[in-house]
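Undergrad: Generate coordinates for the sequence data below:
(2 chains)
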2 protein chains.
Amino acid sequence: VSGKTPVVTLLEGDTPLIRARNLEEKIGFAAQIYLKYEGMNPTGSFKDRGMTVAISKAAEAGSSTVICASTGNTSASAAAYAARAKMRCIVLIPDGAIALGKLSQALAHGAEVFAVSGNFDEALKIVRELSENYPLTLVNSLNPYRIEGQKTAAFEIIETLGRAPDFHFIPVGNAGNITAYWKGYKEFASGKFGLKVESGKLKDDSAHYPLSAIHRPLPHMMGFQAEGAAPIVRGAPVEKPQTVATAIRIGNPASWRQAVAARDESGGVIGIVTDDEILSAYKLLSSMEGVFCEPASAASVAGLIKYKNVIANPAKGGGKQSHPVVVCTLTGHGLKDPDCAVKNASRPVSVPCDAKKIISLLRIKQ
Amino acid sequence: VSGKTPVVTLLEGDTPLIRARNLEEKIGFAAQIYLKYEGMNPTGSFKDRGMTVAISKAAEAGSSTVICASTGNTSASAAAYAARAKMRCIVLIPDGAIALGKLSQALAHGAEVFAVSGNFDEALKIVRELSENYPLTLVNSLNPYRIEGQKTAAFEIIETLGRAPDFHFIPVGNAGNITAYWKGYKEFASGKFGLKVESGKLKDDSAHYPLSAIHRPLPHMMGFQAEGAAPIVRGAPVEKPQTVATAIRIGNPASWRQAVAARDESGGVIGIVTDDEILSAYKLLSSMEGVFCEPASAASVAGLIKYKNVIANPAKGGGKQSHPVVVCTLTGHGLKDPDCAVKNASRPVSVPCDAKKIISLLRIKQ
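TA: Prediction:
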């Protein structure tokens, strides 16, 4: 991005890193857990970080039309930034497999939305082909500017904590985000952008985690796929991916190789969580921490719960801490998929307009 | 809030002030228009600013249960912060008149939701009565801590612009928000908190708007009610309020008196916009600026469009600028009411999984 780039921005990024003390207590092991709440971006997901760069660079190149395949979040973001840049936006979504909130966004922002009788991977194949042969700028995460924007979340985490976390848990779908975070962590550590840790201590409980105790400048990257859509874990594409977590319902990730590299270079894991584990983490987050995320986001916390014994008892002599600092990325807001929340909660109780009747139902005494 | 207050926070506030250049062009008059995008709070609306204070003070006072009446946003916020504080949260909503997104939030955060066979005003009457007679803390905007938190949005606007705007447009429902902004502007101007304008200039186009040209340290407060729910404008409560903008579907505002005072003290207006005008502004914002808000939020921009001639041609000699700086508050995120967006946009087009077929529909040439 240079002085000549017409920056198209909705003032994305700078999302909160929320301490999850109730979750720490519930999981029951000594760690500091932070939630990187990416739902607080303008279109409600982390996609905005990369989209501002992709659309700005498309505008600089004189492009008038952008295209993407999407499980929903990418299309919401592409449509919003394209509207702002006065560009035409074409979106291919898998028919019937996109959450209501996300669909409402692409439509509201004026994208031309095509529901393809196929899954995400097939839609992505088509948009790749079209963008190679027609004057259409591809804004899926294959577009390298997307990753450049998304890596800023890692910068923010280090700046907020005053250090890198020990473990970073993250959902893995098309695998662009784990790629971007790992790139961000590595670049920060290398001093490439003149970035440096300014504070020597964590923001709170600093007495227990002085910076001097840190031996690794980089986290272990812990990526999680849904059981029915876990091609990287299984080592082969999944023909018909299935999961309640629609945002990671992807059978052949575009950034597969980079995700494996992030895992291996960081000494991390790419693991599986079931839909039940995802929904259980989803409910814990909203009912105990007040943090409402979309189901796919909860794959990170489901992974943490699954691996808590591994990270609480690291191999001896590895220089790791016994009280690790853990960050979980929550990729999108719960409002992206309101139906999932309503389906997984109790119903409202219908009552007459009568104070006495209501207080008797509440069983509260004067 | 003192050192003893157990602060319950989701890191709300600090929302973007987004320049709306496409809207300026579309409306066609010389002004700087900024959108205070309160949808980027943790639960997707401005209510979080006041709720963090109300719940923190309730926790300090030892309260274990909070209660509110709500058209949706208050309940979403109360439920989230109560969950985080491990409090019981009781919510009364008007039966059938609450947007899906908001309902999903109250349920996901574990509130006990009662759908009352009445409107908001009747539900508010019940929760007032119950909170007076039972150990329940009321967290509607009648709770003074709510207003104290909400006024911070005015502080942020002045800090970002380096000055107060000339006009502040805002939706008016229960009228707590216009009350809070006006309080915030007045307190900032009075220097009460040691707050001061640090920069002498606006962030951009500063050459045209030097601070020295400003004669008024306070904006005109421009509040807008929906045509079918405009008690303040009509001078009498509305028995059965009706509007597509569910968040301001209120017939007897709790902060009526304060809203009138804000209008009169600031030399402002409380006016009416129709549902058509609201929906038209709602569509302009999402399709031209990439900013997706809930319908009620768009009442501010609908009001601006309605009053553009008034503010573009101020009375002579009044010390006002001919190129005013305008802020419109967008109270909540568009994801709060996805059904409204889907209803007001074109449908997705179903297509086979076939690149050739899709490119022919797009009418794009190689």
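Undergrad: From now on I want contacts and neighbour counts done on CA atoms only, so please keep to that.
TA: Fine.
Undergrad: Mind listing what's buried along stretch A:240-258?
TA: A:241-256, A:258 (16 or more other Cα atoms under 10 Å in any protein chain shown).
Undergrad: what residues are up against residue A:168?
TA: Residue A:168 makes contact with A:219-222, A:326-329 under the criterion Cα atoms under 8 Å, 6 or more residues apart in numbering or on different chains.
Undergrad: again but with residue A:6, I slipped
TA: Taking Cα under 8 Å, 6+ apart as the test, what residue A:6 contacts is A:56-57, A:59-60.
Undergrad: Can you tell me how far it is from residue A:57?
TA: As defined by Cα to Cα, to the nearest Å, residue A:6 lies at a distance of 8 Å from residue A:57.
Undergrad: which residues sit against stretch A:116-126?
TA: By Cα under 8 Å, 6+ apart, the list of residues contacting stretch A:116-126 reads A:68-71, A:92-95, A:240, A:249-253, B:350-355.
Undergrad: mind checking the backbone torsions on residue A:293?
TA: Phi and psi for residue A:293, reported as degrees, to the nearest 10, are phi -120, psi 170.
Undergrad: number of nearby residues for it?
TA: Look at residue A:293: counted by other Cα atoms under 10 Å in any protein chain shown, it has 27 neighbours.
Undergrad: right, and the helix or strand after the lowest-mean-pLDDT helix or strand in chain A?
TA: Ranked by mean pLDDT, DSSP states H and E, the helix or strand of chain A with the weakest confidence is helix A:308-312, at a mean of 83. Sequence order places strand A:325-330 as the next helix or strand after helix A:308-312, per DSSP states H and E.
Undergrad: So which residues of the stretch 51-200 of chain A form strands?
TA: In the stretch 51-200 of chain A, the strands defined using DSSP state E, counting those that start in this stretch lie at A:65-69, A:88-94, A:112-116, A:137-138, A:167-171.
Undergrad: could you dump those strands to a markdown table with distance to residue A:42?
TA: Formatted as a markdown table, the strands of the stretch 51-200 of chain A follow (distance: least, Cα to Cα, whole Å):
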| stretch | distance to residue A:42 |
| --- | --- |
| strand A:65-69 | 19 |
| strand A:88-94 | 18 |
| strand A:112-116 | 20 |
| strand A:137-138 | 21 |
| strand A:167-171 | 20 |
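Undergrad: Now render those strands as TSV, adding distance to residue B:1 and mean pLDDT.
TA: Formatted as TSV, the strands of the stretch 51-200 of chain A follow (distance: least, Cα to Cα, whole Å; pLDDT from 0 to 100):
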stretch	distance to residue B:1	mean pLDDT
strand A:65-69	48	98
strand A:88-94	47	96
strand A:112-116	49	96
strand A:137-138	50	98
strand A:167-171	34	98
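Undergrad: Compare these and give me the one nearest residue A:36.
TA: Closest approach to residue A:36 among the strands of the stretch 51-200 of chain A (Cα to Cα): strand A:167-171, 9.9 Å.
Undergrad: Measure how far the closest one is from the centre of its chain, please.
TA: Averaging C-alpha positions (Cα atoms, centre = their mean, to the nearest Å) puts strand A:167-171 9 Å from its chain's average.
Undergrad: Parallel or antiparallel, which strands does it pair with?
TA: Partners of strand A:167-171 in the sheet, by DSSP bridges, are strand A:220-226 (parallel), strand A:325-330 (parallel).
Undergrad: what does the shortest one contact?
TA: Yep, that's strand A:325-330 we're talking about. So strand A:325-330 is contacted by A:31-39, A:165-171, A:293-294, A:297-298, A:300-301 (Cα under 8 Å, 6+ apart).
Undergrad: and if we set it to 7 Å?
TA: With Cα atoms under 7 Å, 6 or more residues apart in numbering or on different chains as the test, strand A:325-330 has contacts from A:31-38, A:165-170, A:293, A:297-298, A:300-301.
Undergrad: in the helix or strand hosting residue A:360, what counts as buried?
TA: Taking DSSP H and E as the definition, residue A:360 sits inside helix A:355-362. For helix A:355-362, a neighbour-count test (16+ other Cα under 10 Å) marks A:355, A:358-359 as buried.
Undergrad: filter these down to the ones near chain B?
TA: Applying Cα under 7 Å from any Cα of the partner chain to those, one finds that residue A:355 fall near chain B.
Undergrad: now, which of the buried residues of helix A:355-362 sits nearest residue B:267?
TA: The shortest approach to residue B:267 among these belongs to residue A:355, at 40.5 Å (Cα to Cα).
Undergrad: Look up the closest residue to that closest one, ignoring the ones flanking it.
TA: Leaving aside its chain neighbours, residue A:355 sits nearest to residue B:126 (5.5 Å; criterion: Cα to Cα, 6 or more residues apart in numbering or on different chains).
Undergrad: Quick check, pLDDT for the one you found.
TA: With respect to pLDDT, residue B:126 scores 97.
Undergrad: Tally up the residues packed near it, please.
TA: Residue B:126: 22 surrounding residues under other Cα under 10 Å.
Undergrad: Okay, it and residue A:352: tell me how far apart.
TA: As judged by Cα to Cα, residue B:126 and residue A:352 stand 11 Å apart.
Undergrad: So, low pLDDT: which residues of the stretch 251-366 of chain A?
TA: Across the stretch 251-366 of chain A, the ranges flagged by pLDDT under 70 are A:313-322.
Undergrad: now with 50?
TA: Low-confidence regions of the stretch 251-366 of chain A, defined here as pLDDT under 50, cover residues A:315-320.
Undergrad: Can you pull the residues of it lying near chain B?
TA: Neighbours of chain B within the stretch 251-366 of chain A, by Cα under 7 Å from any Cα: A:286-291, A:335-336, A:338, A:341-342, A:345-346, A:348-353, A:355, A:365-366.
Undergrad: and with 6 Å instead?
TA: A:286-290, A:335, A:338, A:341-342, A:345, A:348-353, A:355, A:366 (Cα under 6 Å from any Cα of the partner chain).
Undergrad: Repeat that for the stretch 101-250 of chain A.
TA: Residues of the stretch 101-250 of chain A lying near chain B (Cα under 6 Å from any Cα): A:101, A:104, A:107-110, A:113-118, A:126, A:134.
Undergrad: Report the buried members of those residues.
TA: For these, a burial check counting by 16+ other Cα under 10 Å picks out A:101, A:104, A:107-110, A:113-118, A:126.
Undergrad: quick one on the thing from earlier: closest to residue A:226 out of the residues of the stretch 101-250 of chain A next to chain B?
TA: Using Cα to Cα, these come closest to residue A:226 at residue A:118, 19.4 Å.
Undergrad: And the closest one, its phi and psi?
TA: When read as degrees, to the nearest 10, the backbone of residue A:118 gives phi -170, psi -180.
Undergrad: Report the contact partners of residue A:71.
TA: Residues near residue A:71 by Cα atoms under 6 Å, 6 or more residues apart in numbering or on different chains: A:98, A:247.
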